[in-house]
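Undergrad: just coords:
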């Protein structure tokens, strides 16, 4: 590689880093288990970009960078699944796992469900609606906004408030 090619590549990567790092880190943080893992994945993303011989052929650098990151997340999940499949534990270390026939477990589960239902019933109707559409029905923020005729920002606000109210009621230990 000539010196001018190296300089162009350095400027290209530096510019991409400066313009995309925060967004890339947020992207990876949402897809990883913790901040450290997101930082590691981010670093590996840029390392893989540096290894690309002909960065001048990349037509959409930002999209290319995020594709590298998405591939890394996929690779991480595959490795994690393989690791979980291959892990064995000595029988002495395995705790008793309650069966589905365990009356205590059934009672606790039933009580937890009733408490949650009561907490949700006590929410304002719009909060209930948004929360259930998101968590039970699996709708995206934009789908909820379209169905209810409100903005995505309002959906996020209601969802945040609904979850905060649920947590507050749950932490007080009183579902009423």
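TA: On my side now, so go ahead. Just so it is clear, the model here is predicted, and its values are computed rather than measured.
Undergrad: show the pLDDT at residue 79.
TA: For residue 79, the pLDDT comes out at 82.
Undergrad: buried ones in the helix or strand containing residue 118?
TA: Using DSSP states H and E, residue 118 maps to helix 103-121. For helix 103-121, the neighbour count (16 or more other CB atoms under 10 Å) marks 115, 119, 120 as buried. Quick note: C-beta positions are derived from backbone N, CA and C, even for glycine.
Undergrad: contacting residues around the helix or strand following it?
TA: Following helix 103-121 in sequence order, the next helix or strand is helix 125-135 (DSSP H and E). Helix 125-135 is contacted from outside by 120-121, 123, 139, 141, 143-144, 147-148, 155, 158-159, 161-163, 165-166, using CB atoms under 8 Å, 6 or more residues apart in numbering.
Undergrad: again, only this time at 6 Å
TA: 120, 139, 144, 155, 158, 159, 162 (CB atoms under 6 Å, 6 or more residues apart in numbering).
Undergrad: mind listing what the last one touches?
TA: Read that as residue 162. Contacts of residue 162 by CB under 6 Å, 6+ apart are 123, 127, 131.
Undergrad: related to what we said a few turns ago, including pLDDT, could the contacts of helix 125-135 go into CSV?
TA: Listed next are the contacts of helix 125-135 as CSV, based on pLDDT from 0 to 100:
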residue, pLDDT
120, 88
139, 90
144, 93
155, 94
158, 94
159, 92
162, 91
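Undergrad: among those residues, name the buried ones.
TA: Counted by 16+ other CB under 10 Å, the contacts of helix 125-135 give 120, 139, 144, 155, 158, 159, 162 as buried.
Undergrad: just the contacts of helix 125-135: which are in helices?
TA: Among the contacts of helix 125-135, the ones falling in helices (DSSP state H) are 120, 144, 155, 158, 159, 162.
Undergrad: just flag the most distant two among the residues you listed.
TA: The distance between the two most remote of the ones in helices among the contacts of helix 125-135 (CB to CB) is 17.0 Å, for 120 and 155.
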